[in-house]
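Novice: when you get a sec, could you give me coordinates for this:
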Amino acid sequence: MHDEHTSTAVEVSTATLQEPDDELHTIGAFTVCTNGLTAPRGGRRSPVPRKEIEIAKNFLSKCLRTRWARDPGSPSATILCDLVNEWALDCNQYTDGISVGAIIVASLELGIPCVPKGERDALIGVNFQDACLGTNLPIDPGKVQNDVWQRYAKEAGCLETDIKFMNETAPPPPREWAVPDHILKRQVTLLYGEGAIGKSLLILQLACSTVLSREWLGCHPEAGPVMYLGAEDDEVELRHRLHDIAAHYNEPYSALIENGLLASSYAGQDMTLARFDSDGNLVPTPLFHALSGWAQILRPVVIILDTLNDIFDGDENNRGQVAAFVGLLRSLAMNANCAVIVNAHPSQSGSSSGTSGSTAWHGKVRGRLHLRAANKDEGGLTDPEVRVLEYKKVQYGPLPPKVMLRYQNGVFVPEAPGGSTDSQIVEQRAEQVFLDLLDRFTRQGRNVTDKKGTTYAPACFAKEKEATSEKLNKKALAEAMLRLFEGRKIRVVTEGPPSKPRSRIVET
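Specialist: Residues are numbered from 1 along each chain as shown. I've put the predicted structure just below:
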């Protein structure tokens, strides 16, 4: 018998001699004679013309051989019959049709592994793609394979639903990421977090940084459109949040819309994307079909759905329902070639780990994040504005390190572990506060300068709420100003008549 752990693919047993010079070999459902005769076991033998066998041998000799007859992709004898016939006609070799018996006898004579499966089929140990390409057949090997399988499936009374198996031999393309090494495209990612912890804000920041092509928590998302459907905040509150985030990036709110942010509030409305009928079948809602249609037209980088409770109408502890629903969201991600991110609330028992319901949620999605309050060791007791973003699952790569975040001025900004131990983060935060205040002062017509005096920028800024909340004094802001000058992010312009020039700091 064929053994996947040995090199022996066929067991040949000697049967009773039917004719003086005919040694019979029983192979599966076939009885093959050394003189080239074959017949179903127990049936009447019928001759196989030597010409057919030679044509089959000529074809098979051009093909690479697999090590195992049962390797994925090994062709069946019925498919090889079609291929050999096509090849023979293409080579102007006359034949009445190559039979399965001829294929089996040819493979045995060439020493190719052969495992007959039935009266008209067998696994032959040659490479299927090579059988087509190596013989220059002007046919689509995938189509031939599919046609044969479909024909015999119908004859056997099997379901007519087509299963399309892979036949691509080219190297796979690189994986696509919405956020490199953090959030995959064509997959579903869950962001868990307690109510009011800031999930919606954090994911809206990702949306804005994506459309504006800006940094998000130290990462650089792929730039492009984003679709957001949320049932948590009404439109007024949603616009407040987006205004704060746009201001954080020194952009007007209109820049978000102009660059492809498509946000819609479903607060107080039904945002269900699928329901389960009385037979337990998943039925997508009209909203899902509308979302899918828009996504395939607009081709967003990310689709954000907020929250899971609002889009899932099933039992979160039912593994079958969970798998079906995640599969539906995965189809949305694949059809639009984007990432689908869903905000979710953890259960009471899973609040510490960021989980809820069946373990199928974790198993079926390819990414899972958890936003939580900082604990005692992370400074959470002394500073309630500190959050921690943890990556619980990122398929196809190592888990990124956790990110410490601080809520300030309506957004989350990276925070050094412990509050301020990372000097680079502290410096970046001081520079950002300086730029934010410079922008606000300029819009208010309150010009500041780099010269010490009543309009000295560090002294003026140190009195503002943005600086005091970050514990930034005049010295820290003066150092930030020098770094910004060195980085050519700010400069001094001189205005007024030569007799009385006035200088002020502006962003470059």
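Novice: which elements pack onto the helix or strand encompassing Glu86?
Specialist: For Glu86, the element it lies in under DSSP states H and E is helix 77-90. For helix 77-90, the packing partners by 3 or more C-beta pairs under 8 Å, 6 or more residues apart in numbering; DSSP states H and E come out as helix 50-60, helix 100-110, strand 122-124, helix 128-133, helix 141-155. Any C-beta I mention is one placed from the backbone N, CA and C, and that applies to glycine too.
Novice: mind listing what's buried in the lengthiest strand in the chain?
Specialist: Ranked by residue count, the top strand of the chain under DSSP state E comes out as strand 386-394. Going by neighbour count (16 or more other C-beta atoms under 10 Å), the buried part of strand 386-394 is Val386, Arg387, Val388, Leu389, Glu390, Tyr391, Val394.
Novice: could you list the low-pLDDT ranges of the stretch 401-508 of the chain?
Specialist: 416-425 (pLDDT under 70).
Novice: redo that, cut-off 50
Specialist: 418-421 (pLDDT under 50).
Novice: for it, what spans make up the strands?
Specialist: Counting by DSSP state E, counting those that start in this stretch, the stretch 401-508 of the chain has strands at residues 403-408, 411-414, 490-495, 502-507.
Novice: pull up the pairing partners for the second one, direction included.
Specialist: Okay, so that is strand 411-414. As defined by DSSP bridges, the strand partners of strand 411-414 come to strand 403-408 (antiparallel).
Novice: what angle do the partner strand and strand 386-394 make?
Specialist: 140 degrees (axes from the mean of the first three to the mean of the last three C-alpha atoms, to 10 degrees).
Novice: and the contacts of strand 403-408?
Specialist: 198, 202, 217-218, 374, 378, 383, 385-389, 412-417, 466, 469-470 (C-beta atoms under 8 Å, 6 or more residues apart in numbering).
Novice: and it, how far out from the chain middle?
Specialist: 27 Å (C-alpha atoms, centre = their mean, to the nearest Å).
Novice: residue ranges with poor pLDDT in the protein?
Specialist: 1-25, 27-29, 34-44, 71-72, 418-421.
Novice: list the buried residues in the top helix by length along it.
Specialist: Secondary structure of the chain per DSSP state H: the longest helix is helix 423-443. With burial defined by 16+ other C-beta under 10 Å, the residues of helix 423-443 counted as buried are 425-426, 428-438, 441.
Novice: just the buried members of the contacts of strand 403-408?
Specialist: Of the contacts of strand 403-408, these count as buried by 16+ other C-beta under 10 Å: 198, 202, 217, 374, 378, 385-389, 412-417, 466, 470.
Novice: mind putting the buried residues of helix 423-443 in JSON lines, distance to Thr359 included?
Specialist: Shown next, in JSON lines, are the buried residues of helix 423-443 (distance: C-beta to C-beta, whole Å):
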{"residue": "Ile425", "distance to Thr359": "36"}
{"residue": "Val426", "distance to Thr359": "40"}
{"residue": "Gln428", "distance to Thr359": "39"}
{"residue": "Arg429", "distance to Thr359": "39"}
{"residue": "Ala430", "distance to Thr359": "44"}
{"residue": "Glu431", "distance to Thr359": "44"}
{"residue": "Gln432", "distance to Thr359": "41"}
{"residue": "Val433", "distance to Thr359": "44"}
{"residue": "Phe434", "distance to Thr359": "48"}
{"residue": "Leu435", "distance to Thr359": "46"}
{"residue": "Asp436", "distance to Thr359": "44"}
{"residue": "Leu437", "distance to Thr359": "48"}
{"residue": "Leu438", "distance to Thr359": "51"}
{"residue": "Phe441", "distance to Thr359": "53"}
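Novice: which of those residues lies closest to His243?
Specialist: If you rank the buried residues of helix 423-443 by distance to His243 using C-beta to C-beta, Asp436 comes first, at 14.0 Å.
Novice: for the closest one, which residues are in contact?
Specialist: Per C-beta under 8 Å, 6+ apart, neighbours of Asp436: Ala247, His248, Asn250, Asn409, Glu466.
Novice: how much space between it and Ala196?
Specialist: Separation of Asp436 from Ala196 (C-beta to C-beta, to the nearest Å): 25 Å.
Novice: equivalent analysis for Ala336, please.
Specialist: 31 Å.
Novice: quickly list what Glu495 is bridged to.
Specialist: Under the criterion used (DSSP bridges), Glu495 bridges to Arg502.
Novice: follow-up on the earlier one: taking the contacts of Asp436 together, which two end up most distant?
Specialist: Across those (C-beta to C-beta), the longest gap, 13.5 Å, separates Asn250 and Glu466.
Novice: pull out the buried positions in stretch 466-476.
Specialist: Result for stretch 466-476 [16+ other C-beta under 10 Å]: buried residues Glu466, Ala467, Glu470, Leu472, Lys474, Ala476.
Novice: also stretch 259-269?
Specialist: Neighbour-count burial for stretch 259-269 [16+ other C-beta under 10 Å]: Asn259, Gly260, Leu261, Leu262, Ala263, Ser265, Tyr266.
Novice: the fourth one touches Gly224, doesn't it?
Specialist: Put plainly, it is Leu262. No - contact criterion C-beta atoms under 8 Å: Leu262 and Gly224 do not qualify, at 11.5 Å.
Novice: which residue, other than its chain neighbours, is closest to Ala56?
Specialist: Nearest residue to Ala56, sequence neighbours excluded (C-beta to C-beta, 6 or more residues apart in numbering): Ala106, at 3.7 Å.
Novice: and for Ala178, the neighbour number?
Specialist: Ala178: 28 surrounding residues under other C-beta atoms under 10 Å.
Novice: i'd like the first residue to be 11 from this point on
Specialist: From this message on, residue numbering opens at 11, which makes the last subject Ala188.
Novice: quick one: the closest residue to it other than its chain neighbours from Lys475, how far?
Specialist: By the measure of C-beta to C-beta, 6+ apart, the closest residue to Ala188 outside its immediate chain neighbours is Ala349, 3.7 Å from it. The gap separating Ala349 from Lys475 is 36 Å, by C-beta to C-beta.
Novice: ok, now Arg456?
Specialist: Taken as C-beta to C-beta, the span from Arg456 to Lys475 is 15 Å.
Novice: the more surrounded of those two?
Specialist: Taking neighbours as other C-beta under 10 Å, Arg456 and Lys475 compare with Arg456 leading, 13 against 10.
Novice: quick one: contacts for the more buried one?
Specialist: Here Arg456 is in contact with Cys470 (C-beta under 8 Å, 6+ apart).
Novice: distance of it relative to Asn419?
Specialist: Where Asn419 is concerned, Arg456 sits at a distance of 18 Å (C-beta to C-beta).
Novice: what's the answer for Lys481, then?
Specialist: Counting by C-beta to C-beta - Lys481 and Asn419 are separated by 14 Å.
Novice: my guess is the residue nearest to Ala188 meets Thr199, correct?
Specialist: Yes - shown here, Ala349 and Thr199 form a contact pair, counting by C-beta under 8 Å, at 6.3 Å.
Novice: okay, and the common contacts of the two?
Specialist: In contact with both Ala349 and Thr199: Ile193, using C-beta under 8 Å, 6+ apart.
Novice: between the two, which one's more packed in?
Specialist: Taking other C-beta under 10 Å, Ala349 and Thr199 do not tie; Ala349 has more neighbours (30 against 26).
Novice: partners of the more buried one in the sheet?
Specialist: What pairs with Ala349, by the bridge criterion (DSSP bridges), is Val312.
Novice: give me every residue that touches it.
Specialist: Ala188, Val189, Ile193, Leu194, Lys195, Arg196, Gln197, Thr199, Val311, Val312, Ile313, Ala343.
Novice: give me the element the closest residue to Ala241 other than its chain neighbours is part of.
Specialist: Once flanking residues are discounted, Ala241 sits nearest to Asp320: 3.9 Å by C-beta to C-beta, 6+ apart. Element membership for Asp320 (DSSP H and E) is helix 318-321.
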